[in-house]
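J.: Provided below are the primary sequence and the corresponding predicted coordinates.
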Amino acid sequence: MDDKLLQKVLMAQMSVGKAVEISVTGFSMNPTLYEGDTITVQRKADYDVGDILVFTYKNDELLVHRLLEKRDGLYFCKGDNAFRLEDVPLEQIAGKVTAVNGSPMLPCPQRLITLSLLVNQAFFRFRYDVEKTRQSSIYQLYQKIILRKEENVMIYQKNKDLEYIQSDETSLAVFDPETQDTHFFDEVGIDILNALEEPCDLQMLLQKLCTIYDASPDEIRGDVEEFLKETVSKRVVVII
C-alpha cells in the first residue's frame, strides 16, 4: 500500500476513534523507534509538544516524527535521529503514537526537545550540511545524551531569561527580573558564561575553556565546578 492510500485508510479508521497499528520503516526515529517496530496510532483533537506524530509531508511522504514546536497554526516535527524540521498543518496529521510493540509510550523528556531543536538550528546555520552539523558541539552533546542514552550527564546553559549588561571586557552585571537580584562577574566569569551560550556538559565546557586558557582540564575542573554550583544556585546558569 502506498503512502497516499495508507494515509486515507488511517484517516478513515481513526476518524471514528479507532486505534491503528502500523510498522515503522527507516531509522529517523532511532533510538526511540526502530525499523520493524509496531506502533499504535490514534487520532486526537490536538497534540502536545513531545508527542510522536504520524503525518504526510510535502509529496505525500508518510512520516513518524516527534512534535517539537507549535506556532502559527503549524506543528513542527523532527525525527530524533534526523536534522530537518517539518512544518505540518493539523489536517495532515493522522494521529499520535500511543504505544510501541504493545507498551505505552513513555513521556518525552524536556532535554530531548530542547537539544533536538538546537540540532536543527545548527543544521540551518551550516546551510543544511549534515557533516558540518555532525561535527558541531551541540550535535556531539545530543549524540551522547539522546542517541547513546548516556545517563546521569548534567547539561548546563546560560539562563537566557536574565538581563546581561557588560560595561567592558572585564565586568558583567546580570539582572534577574524575577528575583530582582543583580550578580557581578569578572573576566573569567564572562568567559565561562560565553562558553555556555549553547548547552554543555562539564567535559565539553572544560574543553572549550582550555582553548582560552593555558591549562589542562584537570587543573581548572575544581574551579569550574564551583562556579557552576554557585551560578546554578543564583539562576544565572540552568540545568537542562
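T.: Perfect, thanks for sending it. For clarity, every value in this text was computed on a predicted model and none was experimentally measured.

J.: quick one: the helices in this protein?
T.: Residue ranges of the helices in the chain, as given by DSSP state H, are 3-14, 110-125, 130-135, 137-142, 187-195, 202-210, 217-233.

J.: for the fifth one, packing partners?
T.: Think helix 187-195. strand 171-176, helix 202-210, helix 217-233 (3 or more C-beta pairs under 8 Å, 6 or more residues apart in numbering; DSSP states H and E). (Glycine included, C-beta is placed from N, CA and C.)

J.: related to what we said a few turns ago, most tightly packed of the helices of the chain?
T.: Compared across these, helix 137-142 shows the largest average neighbour count, a mean of 20 (mean count of other C-beta atoms under 10 Å).

J.: so what touches that one?
T.: Helix 137-142 has contacts (C-beta atoms under 8 Å, 6 or more residues apart in numbering) with 115-116, 118-119, 121-122, 133, 155, 198-201, 204, 208.

J.: ok so, going back, D51 is nearest to which of the helices of the chain?
T.: Of all these, helix 110-125 sits nearest to D51, with 10.7 Å by C-beta to C-beta.

J.: buried stuff in stretch 39-47?
T.: By 16 or more other C-beta atoms under 10 Å, the buried positions in stretch 39-47 come out as 39-43, 47.

J.: so how far is it from its chain's centroid?
T.: Its chain's average C-alpha position is 22 Å from that of stretch 39-47, according to C-alpha atoms, centre = their mean, to the nearest Å.

J.: cool, and stretch 65-82?
T.: 11 Å.

J.: how long is that stretch end to end?
T.: Taking C-alpha to C-alpha, to the nearest Å, stretch 65-82 runs 9 Å from one end to the other.

J.: same question, stretch 132-149
T.: So stretch 132-149: terminal residues 22 Å apart, C-alpha to C-alpha.

J.: please pull out the lowest mean pLDDT helix or strand from the chain.
T.: Every helix and strand in the chain was compared by mean pLDDT, DSSP states H and E; the lowest is helix 3-14, with a mean of 68.

J.: before we move on, the earlier item: could you dump the helices of the chain into TSV with distance to Q166 added?
T.: Formatted as TSV, the helices of the chain follow (distance: least, C-beta to C-beta, whole Å):
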stretch	distance to Q166
helix 3-14	52
helix 110-125	24
helix 130-135	30
helix 137-142	23
helix 187-195	7
helix 202-210	18
helix 217-233	16
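
J.: weakest of those by average pLDDT?
T.: Of all these, the minimum mean pLDDT falls on helix 3-14 (a mean of 68).

J.: one step back: of the helices and strands packed on helix 187-195, which is nearest K70?
T.: Closest among the helices and strands packed on helix 187-195, using C-beta to C-beta: strand 171-176, at 28.3 Å.

J.: tell me which residues in the closest one are buried?
T.: Across strand 171-176, burial judged by 16+ other C-beta under 10 Å covers 172, 174, 176.

J.: just to revisit the earlier point, what would the helices and strands packed on helix 187-195 look like in CSV with distance to P89?
T.: Supplementary listing: the helices and strands packed on helix 187-195 in CSV, determined by distance: least, C-beta to C-beta, whole Å:
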stretch, distance to P89
strand 171-176, 39
helix 202-210, 38
helix 217-233, 40
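
J.: between these, which one is closest to N30.
T.: When the helices and strands packed on helix 187-195 are compared by C-beta to C-beta, helix 202-210 sits nearest N30, at 22.8 Å.

J.: which elements pack onto the closest one?
T.: Helix 202-210 packs on helix 137-142, helix 187-195, helix 217-233, going by 3+ C-beta pairs under 8 Å, 6+ apart.

J.: V100: which of those is closest?
T.: Ranking the helices and strands packed on helix 202-210 by proximity to V100 (C-beta to C-beta) places helix 137-142 first, at 21.3 Å.

J.: give the contact list for L112.
T.: Contacts of L112 were listed using C-beta under 8 Å, 6+ apart, and they are 50, 66, 80, 146.
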